[in-house]
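Undergrad: Quick one, what's the 3D model for this:
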Amino acid sequence: MIPWLLQHLIPLAEQMEQHTAGDSRVNLTARTALAAVTSFIAAVLLGPMAIRWLQGRFCERIDSASQTLNTLHAGKKGTPTMGGLFIMAAVVAATLIWADLSNRYVQIGLFIAVSFTALGAMDDWIKLSTTRRGLKARQKLIVQFALAFVAGAWLYVEQRGKLHGLDLMFPVGNLSWPLGQWFIPWAALVIVSTSNGVNLTDGLDGLATGCSVFTGTAFMALAYLAGHIKMAAYLNIPFIPGAGELTIVVGALVGAMMGFLWFNCYPAQVFMGDTGSLPIGALLALAALVTRQELLLVIIGGVFVIETLSVILQISCYRLTGKRLIACSPLHNHFVFRGHHEIKIVTRFWIGSALLAILGMVTLKIQ
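TA: Residues are numbered from 1 along each chain as shown. Here you go, the predicted structure:
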């Protein structure tokens, strides 16, 4: 909206182009900062109203497969959930205001934000209004992959004419592997995996929120660098024309997450639910796919990867040997079982996430 007004109604835009970064016509750095601040303020202002509205309608039901975990988390019962509604409302609002809506990457980002939020809300609604634990795993995966394939195909059309646009880039060694049409199923897999990874991490107050801030900040920087021809050349990463505009979307996500953390830190006043975790993960995956850094996402989003692997290994180990690898999966629950305080667990996971984000960014210079 704002970029359109500047381009069509304000002659000053021509002078502003002298200070632009990458292929953005209107100052990208300033708009990214404003989008983050806008979404933060929107989340903080919407929070109290949303919490009051959710309080009487959608409250957390402690009903996991572990009776011990249910007992340990009994104090969380009745906390409003589905806070992802006001997270994504803040992200979409800030994006509509500050982003160039003619940019395909922005359009895909909005599609993912709205569609994955709707899926998460449906899952939460079933969980809270019936005795079921949400959608069946197969049903949920089918819808996730359907949405992810749409996003992947859309992204394929946009990327196929760009140098390295469909290549799988390795973080170290300057190696690449052309994916061609396999890019679409690969993109779908990355989106669904990351979406579920964030969802599995969302188990303690502020855990997924804080880790998402660190991961999102790193990919906000990567989107900026990938859309800047000189910086991309300096770091020897793929230059993706138009990718810089995705910085606005990711910046809005980071701002909204910080605003949500205001209410989600221990003791949480509201949970995001699948309504928030699914689109957050999907948007992080989109940023990785656009910048061609999905393998770097394994490092930067390492906390989500470890949490997911802990579940897979726990299930596999139990089925093969009848014994559990850790006390309870995902990994953060293992430490809950061991008696560690929730704040200590979350803070240490945040530290790990911050270090992994730094490590991931350092690999750019190693290339």
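
Undergrad: quick one: Pro238 and Leu166 touch, right?
TA: No - the criterion here is C-beta atoms under 8 Å, and Pro238 misses it with Leu166 at 10.2 Å. Any C-beta I mention is one placed from the backbone N, CA and C, and that applies to glycine too.

Undergrad: Show me what the helix or strand hosting Val305 packs onto, helices and strands only.
TA: Per DSSP states H and E, Val305 falls inside helix 302-321. On a contact count with 3 or more C-beta pairs under 8 Å, 6 or more residues apart in numbering; DSSP states H and E, helix 302-321 meets helix 183-201, helix 207-226, helix 331-337, helix 342-366.

Undergrad: Tell me, how many residues neighbour Ala146?
TA: 12 (other C-beta atoms under 10 Å).

Undergrad: And for the one 4 residues further on?
TA: Other residues within reach of Val150, judged by other C-beta under 10 Å, total 16.

Undergrad: Okay, it and Ser115: tell me how far apart.
TA: As for Val150, its distance to Ser115 is 8 Å (criterion: C-beta to C-beta, to the nearest Å).

Undergrad: Dump the helices and strands packed on helix 302-321 to TSV, plus distance to Arg133, mean neighbour count and mean pLDDT.
TA: Formatted as TSV, the helices and strands packed on helix 302-321 follow (distance: least, C-beta to C-beta, whole Å; neighbours: other C-beta atoms under 10 Å; pLDDT from 0 to 100):
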stretch	distance to Arg133	mean neighbour count	mean pLDDT
helix 183-201	13	23	97
helix 207-226	18	27	97
helix 331-337	16	21	95
helix 342-366	22	17	94
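
Undergrad: Out of those, the one nearest Val37 is which?
TA: Nearest of the helices and strands packed on helix 302-321 to Val37, taken as C-beta to C-beta: helix 207-226 at 13.4 Å.

Undergrad: ok and that closest one relative to helix 302-321, angle-wise?
TA: Interaxial angle of helix 207-226 relative to helix 302-321 (axes from the mean of the first three to the mean of the last three C-alpha atoms, to 10 degrees): 120 degrees.

Undergrad: for helix 207-226, the distance to its chain's centre please.
TA: Relative to the mean C-alpha coordinate of its chain, helix 207-226 is positioned 8 Å out (C-alpha atoms, centre = their mean, to the nearest Å).

Undergrad: Downstream of that helix, the next helix or strand is which one?
TA: helix 229-235.

Undergrad: So which elements touch that next one?
TA: Judged by 3+ C-beta pairs under 8 Å, 6+ apart, helix 229-235 is in contact with helix 207-226.
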